[in-house]
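> predicted model follows, preceded by the sequence.
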Amino acid sequence: MAPLPPKPGKTGKKRRRVDLRAYGILGALAVIILLFQILTGGRLLYPGNVSNLFQQNAYVLILAIGMVIVIIAGHIDLSVGSVVATVGAIAALAMNNWGMPWWAAVLLSLVVGAVIGAWQGFWVAFVGIPAFIVTLAGMLVFRGTALILLTGGTISGLPRPYTAISSGTLPATGTPDLVTLGIGALACVALVVQQLRGRADLRRLDLPRERNGSFIFKIALAVVAIMYLCYLLAYSRGMPIIVVILAVLVLAYSFLLNRTVFGRHVYAMGGNLNAAMMSGVKTQWVNFFVFVNMGFLAGLAAVVSTARAGGAVASAGGGFELDAIAAVFIGGASVQGGVGTVVGAVIGALVMGVLNQGLSILSVDAAWQQVIKGLVLLAAVAFGFSRRKAR
């Protein structure tokens, strides 16, 4: 029987279902911000507190970007906190004991982090040891290395340009800071162009697309959020340097995962490893570079956290791996691999950061803060499982 012709008035356009998981995460973040804004009497969104939110949680955001790629590929990395401690110790020694300029110490930190990632990636990719075991061993090895390098002590008095990486701002033009507002406007333009190009590609390939209404609403919401954030920062000390670094990382890694062969291979491996191998994906090398990248970002997180603290201490990085993993799962990644986005991981990290900030302003005991964050993580993962079962 021949197929029936489309009914009059039907366009025949392919529509993609709205990703309720992604919108749910954004909605949860908005609700949490609104709740703490009310409970703190409006103090949560003071310009200074907004700036501190990014500066204090930058390490989580950076590690979450790397961790989401690791988890999409079907692995886990438990060593990143210890790697942060070791690389931070090396950076402090390089500047205070070895006479290296601050910028050379930053480059050294990134290289050391990448080498550590290559070391762990070798055992995972080419020897075949599960990443859980390799990185668990790395957690112990590099925590001990940090203790050896610092002899259980602390190195402080780091150069001011180095500490400015975390706590400094771009030169301000006044109040409000026009530089910050200009950066926000450029970011909005870049976002709109990127979204429109992506939608045009879907139309050209005749692939399902989000409905016009939800698509426009999503972009408008993002533009309002970006400009409001920049408005708050413009009335603080200006645009924090770390926010610029984070923005570049989000753009670069979103492009890497969504627009490159490497990114497609990472998703393919996490979705179905055997199918990816039969399709010609060089899974060993992809796994290797996934961990090299994680080490590189752990080195950057070490620079940021050491700069924030103003010194290196052997106990640095404690629990960082748990914060990053929690952020990734709150942001919508799947425990089984193959699902996740950089933007989702960043939103998840912001959820954790807002919880920390709001609870601290309310002077909630640290023990109860842990309980609340654990329940939020459990709720986010449970919601993800329920959505997959519904499909």
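That came through, no problem. Because the structure is predicted, anything quoted here is derived from the model rather than measured.
> for Gly311, grab phi and psi.
When read as degrees, to the nearest 10, the backbone of Gly311 gives phi -180, psi 170.
> and it, how far is that from Leu93?
From Gly311 over to Leu93 the distance is 11 Å, taken as Cβ to Cβ, to the nearest Å. Every residue, glycine included, has its C-beta placed from N, CA and C.
> which neighbours do the two share?
Counting by Cβ atoms under 8 Å, 6 or more residues apart in numbering, the contacts common to Gly311 and Leu93 are Ile155.
> which of the residues in the lowest-mean-pLDDT helix or strand in the chain are buried?
Ranking every helix and strand in the chain by mean pLDDT, DSSP states H and E puts helix 366-390 at the bottom, with a mean of 77. Across helix 366-390, burial judged by 16 or more other Cβ atoms under 10 Å covers Gln369, Lys373, Val376, Leu377, Ala380, Val381, Phe383, Gly384.
> so Met95 touches Pro161, yeah?
No. Judged on Cβ atoms under 8 Å, Met95 makes no contact with Pro161 at a distance of 10.2 Å.
> higher neighbour count, these two?
Using other Cβ atoms under 10 Å, the more surrounded residue of Met95 and Pro161 is Met95, with 23 against 13.
> tell me which element the more buried one falls in.
Assigned by DSSP states H and E, Met95 belongs to helix 80-96.
> could you do Ala312 as well?
strand 311-313.
> and after that strand, which helix or strand comes next?
Next helix or strand after strand 311-313 toward the C-terminus (DSSP H and E): helix 320-330.
> what's the first helix or strand after that following helix?
Next helix or strand after helix 320-330 toward the C-terminus (DSSP H and E): helix 342-361.
> so for that next one, what gets flagged as buried?
For helix 342-361, the neighbour count (16+ other Cβ under 10 Å) marks 342-359, 361 as buried.
> who touches both of Met95 and Pro161?
Jointly contacting Met95 and Pro161 under the rule Cβ under 8 Å, 6+ apart are Trp102.
> do a quick rundown of the helices in the stretch 101-250 of the chain.
Taking DSSP state H, counting those that start in this stretch as the test, the helices found in the stretch 101-250 of the chain are 102-122, 131-150, 160-167, 178-204, 212-234, 241-259.
> and Asn274, which of these is closest to it?
helix 131-150 (17.8 Å; Cβ to Cβ).
> could you give the angle of that closest one to helix 80-96?
Helix 131-150 and helix 80-96 are oriented at 30 degrees to each other (axes from the mean of the first three to the mean of the last three Cα atoms, to 10 degrees).
> output the contacting helices and strands for helix 131-150.
If contacts are counted by 3 or more Cβ pairs under 8 Å, 6 or more residues apart in numbering; DSSP states H and E, helix 131-150 sits against helix 80-96, helix 102-122.
> closest to Gln56 out of those?
Nearest of these to Gln56, taken as Cβ to Cβ: helix 80-96 at 14.8 Å.
> give me the distance from that closest one to the chain's centre.
Between the centre of helix 80-96 and the centre of its host chain there is 21 Å, according to Cα atoms, centre = their mean, to the nearest Å.
> same check on stretch 120-133?
With Cα atoms, centre = their mean, you get 23 Å for stretch 120-133.
> shift numbering so it begins at 50
Okay, using 50 as the starting number, the last item reads as stretch 169-182.
> let me know the average pLDDT across that stretch.
Across stretch 169-182, pLDDT averages out at 95.
> list the contacts of that stretch.
Residues outside stretch 169-182 that contact it (Cβ under 8 Å, 6+ apart): 119, 124-128, 183-184, 187, 332-334, 336-341, 344.
> buried among those? Need that as a selection in PyMOL.
The command below creates a PyMOL selection of those among the contacts of stretch 169-182 that count as buried (16+ other Cβ under 10 Å):
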select buried, resi 119+124+125+126+127+128+183+184+187+332+336+337+338+339+340+341+344
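> taking the contacts of stretch 169-182 one by one, which sit in strands?
Of the contacts of stretch 169-182, none are assigned to strands by DSSP state E.
> which of the contacts of stretch 169-182 fall in helices?
Counting by DSSP state H, the contacts of stretch 169-182 place 119, 183-184, 187, 332-334, 336-341, 344 in helices.
> about what we covered before: and the angle for the helix holding Met144 with helix 151-171?
Relative orientation of helix 129-145 versus helix 151-171 (the same axes, to 10 degrees): 150 degrees.
> and helix 129-145, what's its mean pLDDT?
95.
> what helices or strands is it leaning on?
Other helices and strands packing on helix 129-145, by 3+ Cβ pairs under 8 Å, 6+ apart, are helix 96-121, helix 151-171, helix 180-199, strand 203-205, helix 332-358, strand 360-362, helix 369-379.
> output those as TSV; include the columns distance to Val293.
Listed next are those as TSV, based on distance: least, Cβ to Cβ, whole Å:
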stretch	distance to Val293
helix 96-121	10
helix 151-171	15
helix 180-199	29
strand 203-205	26
helix 332-358	12
strand 360-362	24
helix 369-379	20
